[in-house]
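1. The following block contains a protein sequence and its predicted model.
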Amino acid sequence: MIMPVTQAQAPVQAEGSSEQLYRTRDVSRLFGLPESRLRYWAQTGFIRPSRRIEDRVFYDFRDLIAIKVAKELLAAGLSLQRVRRSLEALKTKLPEVSTPLARLRIRCEHDTVVVDESEHAFEAQSGQVLLNFEVESLREEVAQVLTLPVAARGEATLPCDAYEWFLRGCEREADWDGEDPEDPAFIAAKEAYERAIDQDPGLASAYTNLGALLAAGGDLDGARDNFDQALYFDSEQPEAQANLAALALRCGDPETAAAGYSLLLEGSPDHLEGHYGLARALIETGHKEQALAHLERFLQAVGCLHPEDVDDELEQRKIMATRVVDELRRDLGVG
């Protein structure tokens, strides 16, 4: 039986340059990551597309290197916080390399990313080998994968490790309508996250996503347990901190929520959900002036995002926050 396929579009070429640029769907296909996960990474600043042409964003080859490094380190069990620090160091070091990218080798020893040039190596961040690849091999993989036809959805094989099960959970969760916990997509997402945890009990991101899924389905106790587990394995994970605070707010405990969001913002001062949630908690506890300051920080941060990074939910929050800011300014007599 011949399966239907869709031809992939060729990568975009930057105007006036031979540099190839890549769409989100191309990167999703190349690394086996859901587009929703790439958009989430971009929105949270984990890995953002570096290039913009008119109203569209594109990844360049340096971005592909960062995504490959991130994916392999996460699959090896490193926390998002540690991977983020490694990527920040890598982003700083790569522009300093005079050797053509194709001649570099990138590896990770413990939690230290090392970039090898032709004659010497330097650390991208200062510390068992978790990854080791030649950049040229990635370039060849890009050329090969993006010229192959795209198989119809449904032909995917079962995940082979914890991180692939985690990604499968993200994909299935994106298919859920957000309302019925008996929906097959909800059940499949829950099972995928649980399989990821079974294979890697320390995968904090799987606990976080499973907790968020359970909270959306109404199981608040199960959600709280999973957020606690996520923070046990990664005490600095902002997503779990934000979700625990949101859970407290949802359960009618704004004081605990405010304390949780404040702790989150100490480690992640630009966290959108942190400012938005803390403002909600402060309004409920009667601290309108402080709430106004955090809503203004939220709106300022959203205004700095590229339109493609603002989904419908974030746009609705922006509209609501703008309305509340106007009301608070009137109440407080602020111009």
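-> Great, that's in hand.
2. List the buried residues of the helix ranked longest in the chain.
-> Looking across the chain with DSSP state H, the single longest helix is helix 312-332. For helix 312-332, the neighbour count (16 or more other Cβ atoms under 10 Å) marks Leu314, Arg317, Lys318, Ala321, Val324, Val325, Leu328 as buried. For every residue, glycine as well, the C-beta is placed using N, CA and C.
3. Spatially, what comes nearest to the second one if we skip its sequence neighbours?
-> For Arg317, ignoring the flanking residues on the chain, the nearest one in space by Cβ to Cβ, 6 or more residues apart in numbering is Tyr276 at 6.2 Å.
4. swap in the first one?
-> Setting aside the residues directly before and after it, Leu314 is nearest to Val302 in space (Cβ to Cβ, 6+ apart), at 6.6 Å.
5. tell me the pLDDT at Glu296?
-> pLDDT recorded at Glu296 is 95.
6. With Pro184 instead?
-> So, for Pro184, pLDDT stands at 92.
7. Could I get the phi/psi values of it?
-> phi -60, psi -30 (degrees, to the nearest 10).
8. same question, Leu21
-> Dihedral pair for Leu21: phi -120, psi 160, per degrees, to the nearest 10.
9. And Tyr22, how far from Glu236?
-> 31 Å (Cβ to Cβ, to the nearest Å).
10. ok now do Tyr59, which residues does it touch?
-> Tyr59 makes contacts with Leu21, Tyr22, Arg23, Thr24, Asp26, Val27, Pro49, Ser50, Arg51, Ile67, as judged by Cβ atoms under 8 Å, 6 or more residues apart in numbering.
11. Take those residues and, keeping just the buried ones, write it as a PyMOL select command.
-> In PyMOL syntax, the buried subset of the contacts of Tyr59 is picked out as below (16+ other Cβ under 10 Å):
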select buried, resi 21+22+23+24+26+27+49+51+67
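12. which regions of this protein sit below the pLDDT cut-off?
-> Applying pLDDT under 70 to the chain flags the ranges 1-19, 55, 76, 78, 91-157, 159, 335.
13. Filter the contacts of Tyr59 down to just the ones in helices.
-> Members of those lying in helices (criterion: DSSP H): Thr24, Asp26, Val27, Ile67.
14. quick one: the second one and Phe58, what's the gap?
-> For Asp26, the distance to Phe58 equals 9 Å [Cβ to Cβ].
15. which SSE is the spatially most central residue of the chain in?
-> Centroid-nearest residue in the chain: Trp41, 2.9 Å away (criterion: Cα atoms, centre = their mean). Per DSSP states H and E, Trp41 falls inside helix 35-44.
16. Quick check: which helices or strands does that helix pack against?
-> Secondary-structure packing of helix 35-44 (3 or more Cβ pairs under 8 Å, 6 or more residues apart in numbering; DSSP states H and E): helix 24-31, helix 162-175.
17. Next, the angle from that helix to helix 312-332.
-> Angle of helix 35-44 versus helix 312-332, following axes from the mean of the first three to the mean of the last three Cα atoms, to 10 degrees, is 30 degrees.
18. quick one on the thing from earlier: what's the burial count for the residue nearest to Leu314?
-> 19 (other Cβ atoms under 10 Å).
19. That one reaches Met320, doesn't it?
-> No: Val302 is beyond contact range of Met320, at 11.5 Å (criterion: Cβ atoms under 8 Å).
20. quick one: contacts for Leu295?
-> His275, Tyr276, Ala279, Ala321, Val324, Val325, Leu328 are the contacts of Leu295 under Cβ under 8 Å, 6+ apart.
21. Where do the domain boundaries of the protein fall?
-> 5-150, 166-235, 253-335 (automatic domain parsing).
22. helices or strands next to the helix or strand hosting Ala279 in the packing?
-> Assigned by DSSP H and E, Ala279 belongs to helix 272-284. Helices and strands touching helix 272-284, by 3+ Cβ pairs under 8 Å, 6+ apart, are helix 238-250, helix 254-267, helix 288-303, helix 312-332.
23. gap between the third one and the chain center?
-> Yep, that's helix 288-303 we're talking about. 23 Å (Cα atoms, centre = their mean, to the nearest Å).
24. Tell me the buried residues in that helix?
-> Lys288, Gln290, Ala291, Leu292, Ala293, His294, Leu295, Glu296, Arg297, Phe298, Leu299, Val302.
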